[in-house]
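Student: mind folding the following:
(chains A and B)
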Amino acid sequence: MNKSSAVIKENRKIAKDVFQMELNVSEPTDGIRPGQFINIRLDGLYLRRPISICDWDDQSIRIIYRTVGKGTEKMSRMEEGETLDIIWPLGNGFDISKMSSGEETDRDKPKLRPLLIGGGVGIPPLYGLCRRLIDMGEKPTVVLGFRSEDEVFYTDEFRKLGAEVILTTEDGSLGKKGRVTDGIPDELKGAGGIPDEMKEAGTSEDRTYIFACGPEPMLRSIDEMMPQNIGGQMSFEERMGCGFGACMGCSCETKYGAKRICKDGPVLERGEIIW
Amino acid sequence: MVDTKVCLCGIEMENPVMAASGTFGYGLEFAELYDINILGSFSFKGTTAEPRFGNPTPRIADCTGGMLNSVGLQNPGVDGVIENELPKLKKVFNKPVCANICGNSPEEYALVANKLDACSQVGWMEVNISCPNVKSGGMVFGTDPEAAASVIAAVRKVTKKPVIAKLSPNTTDICMIASVCENAGADGITAINTLQGMRIDLRTGKPVLANTIGGLSGPAVFPVALRAVYQISRAVDIPVIGCGGISSPEDVIEMMMAGATAVQIGSANLVDPYACRDIIRDLPETMEKYGIDSLADLCTAGR
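Tutor: Okay, here's the model as predicted:
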């Protein structure tokens, strides 16, 4: 965990009410895991604002945020060269160690097929995740949901990474009309992630594995739609006090007891979530 | 060389800076960041007889100059604290810790105190009769003089360690409650816990906190805490720990000028995890700036 004075390298609007900010830091970034977040102190506001990390390189961290209140509105007015007091990286992030290496080594082990599902500003952490999964040799399917065309961002960026991208908008102004759950391909929904009629085919059984981030009702409907034998990880939002596990402000109950969204989360295993 | 040493209820501290209960967990999150042995001490998370999850979320709201919380005493229960937290703390903290305890009845307070009395790591017993976020217990005891006396007396009976009453500002006469606690056997007073407050989300028209009302802390409450410490330290003969919005070495000195023997730093730890470390580091220089040789003398002079 670092406390840094980060220099804004870029801060620009990429969709309606959505901004992308690139922050230069002097500390090493190689310990960051996709799904972790930074906690930002802003002049005149008491509590820090937690924002998920979208992507990073050796010198910089990229975040994408929607202007929803005083903090994010203040951020949207900041300019290149200004500094931000940030604490990072925070939270557990997605665990990608259980994905196979991409090499056809173990035929007996079912291969996991990553399915990334993101809604609105839940999408940014999935970008850094997608990039690392592709680096590992995985072929992720990415389903991105927005309310309407003017809010759409990053579909091309995901495609450039080499991911298969399915886009939904609630009003049908771009991509498939409906909620993000309507965009999940049928072949990834079957038990074990393969269509029922192929179950006995004796082929190596590829299993869908979910990585999801978005509003809680979205996560809940994904859970209701996908068979229980499909594993996955979901990233949750909660109002936080400290962001590093000290205040118990953002606790939730799981099947393994109380967890702090900021420290033990924001990513929870699908099997431990109590809806 | 300035002298930052103070003595709190018979226990020497290298400096008067303690972290306040509820903002420092059981110390471990901060021990990952810096050597917490630099602290005078800290008061651990309010502990009850049984494990508690606390209130529904959202439990946190931002406001000008501070924050609201309605955590509701989430803790692993006294047995969990003794079995898991204290052994872990022992590895990273070699000073007496202040045990913050809470309950639904004088008997529950006594049960928790009795179990913690057997722990050599525990230096002081801080009795939380001021938590605004629990339905029974907490503040219910700290705003009713008879109830406050019964809790302090019950804890007094089961421990030889110093008993400190942590008081609520949500009362008409905090000095009267402090006196009642002193007469019931308290060795010290912590003032203050949070002030009751609330926020409403304009978009929904509903309270931000799931529990509607929470406790206000942070720099906004500093003058209220300072006033309470000033009045209480003149009303009782036992030491007072000043708590509420302290965020700088200047605040520490001001609180001790008002009559505090030691101070607790709360919300500042949440927005800057290094707050206590930096305040302790900068305290000697700030004392020199104001011509203060000894913090202990400062407190005596303030009374």
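Student: contacts only, for residue 67.
Tutor: Looking at chain A here, since you left the chain open. A:17, A:18, A:19, A:73, A:75, A:76 (C-beta atoms under 8 Å, 6 or more residues apart in numbering or on different chains). C-beta here means a position set from N, CA and C on the backbone, and glycine is covered the same way.
Student: sorry, should have said chain B
Tutor: Contacts of residue B:67 were listed using C-beta under 8 Å, 6+ apart, and they are A:46, A:47, A:241, B:60, B:61, B:216, B:217, B:218, B:267, B:270.
Student: re the thing from before, just put the contacts of residue A:67 in TSV and tack on secondary structure, pLDDT and distance to chain B.
Tutor: Output for the contacts of residue A:67, formatted as TSV (DSSP: H, G, I helix; E, B strand; the rest coil; pLDDT from 0 to 100; distance: C-beta to the nearest C-beta, whole Å):
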residue	secondary structure	pLDDT	distance to chain B
A:17	coil	97	14
A:18	strand	98	18
A:19	strand	98	20
A:73	helix	97	14
A:75	helix	98	14
A:76	helix	98	18
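Student: which one of the residues you listed has the most neighbours?
Tutor: Sorting the contacts of residue A:67 by how many neighbours each has (other C-beta atoms under 10 Å in any protein chain shown) puts residue A:18 first, at 23 neighbours.
Student: what sits against it?
Tutor: Residues in contact with residue A:18 (C-beta under 8 Å, 6+ apart) are A:64, A:65, A:66, A:67, A:121, A:151, A:153.
Student: recalculate using a threshold of 7 Å.
Tutor: A:64, A:66, A:121, A:151, A:153 (C-beta atoms under 7 Å, 6 or more residues apart in numbering or on different chains).
Student: could you check how far the last one is from chain B?
Tutor: Which is residue A:153. The gap separating residue A:153 from chain B is 23 Å, by C-beta to the nearest C-beta, to the nearest Å.
Student: and the second one, by the same measure?
Tutor: With distances taken as C-beta to the nearest C-beta, residue A:66 is found 14 Å from chain B.
Student: and if you look at the first one?
Tutor: When distance is defined by C-beta to the nearest C-beta, residue A:64 is 22 Å away from chain B.
Student: so what's residue 215 closest to, chain neighbours aside?
Tutor: In the absence of a named chain, chain A is used. residue A:119 (6.0 Å; C-beta to C-beta, 6 or more residues apart in numbering or on different chains).
Student: that's the wrong chain, I wanted chain B
Tutor: In space, and not counting its chain neighbours, residue B:215 is closest to residue B:194: 2.6 Å by C-beta to C-beta, 6+ apart.
Student: interface residues of chain A facing chain B?
Tutor: Proximity of chain A to chain B (C-beta under 7 Å from any C-beta of the partner chain) is limited to residues A:1, A:3, A:41, A:45-48, A:238-242, A:244-253, A:258.
Student: of these, which belong to strands?
Tutor: Those of the residues of chain A next to chain B mapping onto strands are A:3, A:41, A:251, A:252, A:253, A:258, per DSSP state E.
Student: filter the residues you listed down to just the buried residues.
Tutor: Neighbour counting with 16 or more other C-beta atoms under 10 Å in any protein chain shown marks A:41, A:251, A:252, A:258 as buried within those.
Student: pLDDT added to those, as TSV?
Tutor: Listed next are these as TSV, based on pLDDT from 0 to 100:
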residue	pLDDT
A:41	97
A:251	96
A:252	96
A:258	95
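Student: now the contacts of residue A:67 in CSV, with distance to residue B:179?
Tutor: Output for the contacts of residue A:67, formatted as CSV (distance: C-beta to C-beta, whole Å):
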residue, distance to residue B:179
A:17, 56
A:18, 58
A:19, 56
A:73, 49
A:75, 49
A:76, 53
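Student: could you list the contact residues of chain B toward chain A?
Tutor: Residues of chain B lying near chain A (C-beta under 7 Å from any C-beta): B:22-25, B:29, B:33, B:53-54, B:57-60, B:62-63, B:65-67, B:69, B:71, B:74, B:218, B:269-271, B:273-274.
Student: sorry, back to before: nearest to residue B:96 among the contacts of residue A:67?
Tutor: residue A:75 (43.2 Å; C-beta to C-beta).
Student: now do the contacts for residue 72.
Tutor: With no chain named, the answer covers chain A. Applying C-beta under 7 Å, 6+ apart to residue A:72 gives the contacts A:49, A:65, A:66.
Student: actually, chain B is the one I wanted.
Tutor: Applying C-beta under 7 Å, 6+ apart to residue B:72 gives the contacts B:54, B:55, B:133, B:134, B:211.
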